[in-house]
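J.: Sequence and predicted structure below; questions after.
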Amino acid sequence: DNIFHVIFLRIAKTRTSIVSKLISLIEALWVKQFERKSLSNMDYAVVLSPIEKKRFAKLSPHTPTFEIPLDIDPKQIDRRECGEEEPAILFLGTMSYTPNEQGALYFINEVLPLILVQDRFLKLYIVGKNPSRLLQSRSSEHIIVTGAVDDATIYLKKSRVFVVPLAIGGGMRYKILEAFAYGKAVVSTTVGAE
């Protein structure tokens, strides 16, 4: 599972208001205490990355922690079935998750305009369930907000670049491994590729 107090600490760093920064820090401390207490009552914990294993160990050094790394076998993917790529960028994730929505909006507002100067035919696919009204309102000829789809790999196959522009969040980004397996260029923030 994720260590959620880390997410609240990252949210606090992005806040400009002193009051909202303080609220996020208080929430982070409260959640950290809850996580520490919960972990100390567990027989063992299972995590998906070495970073989270270290974080769990700091919270509860006496709780045995086992890591089951996520992986993907690129040999299981037939890249010949990918078809023709479009001049497209893909952002994939559950859009009701605040870090994903914030990342998508950051990319739309700050990065995409710079790219469109170089390639006015480019498309950005934002694929994931529950996009907010704000995110949906950003749809245009260059920005396609799909909402939930039956098969996200269709968009992965036809996009040239996969982006993970997250400033906050936590956990394992399996989608990056999948993009690598499909031979896609991946551009991410440090947090996004953690």
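T.: Cool, got the structure.

J.: C-alpha only now, for contacts and for neighbours.
T.: Fine.

J.: quick one, what contacts residue 17?
T.: For residue 17, the contact set (CA atoms under 8 Å, 6 or more residues apart in numbering) is empty.

J.: how near is it to residue 146?
T.: To residue 146, residue 17 is 33 Å away according to CA to CA, to the nearest Å.

J.: same deal with residue 43?
T.: Computed as CA to CA, the residue 43 to residue 146 distance reads 42 Å.

J.: more neighbours, these two?
T.: Each of residue 43 and residue 146 has its neighbours counted (other CA atoms under 10 Å); residue 146 has more, 15 against 10.

J.: bridging residues for the residue nearest to the more buried one when sequence neighbours are not counted?
T.: Leaving aside its sequence neighbours, residue 146 sits nearest to residue 127 (CA to CA, 6 or more residues apart in numbering; 5.3 Å). Residues in a beta bridge with residue 127, per DSSP bridges, are residue 92, residue 147.

J.: number of nearby residues for residue 127?
T.: Residue 127 has 22 neighbours, counted by other CA under 10 Å.

J.: Tell me who's in contact with the closest residue in space to residue 189 that isn't next to it in sequence.
T.: Nearest in space to residue 189, with sequence neighbours left out and distances taken as CA to CA, 6+ apart, is residue 165 at 5.3 Å. The contact partners of residue 165, by CA under 8 Å, 6+ apart, come to 103-104, 106-107, 187-189, 192.
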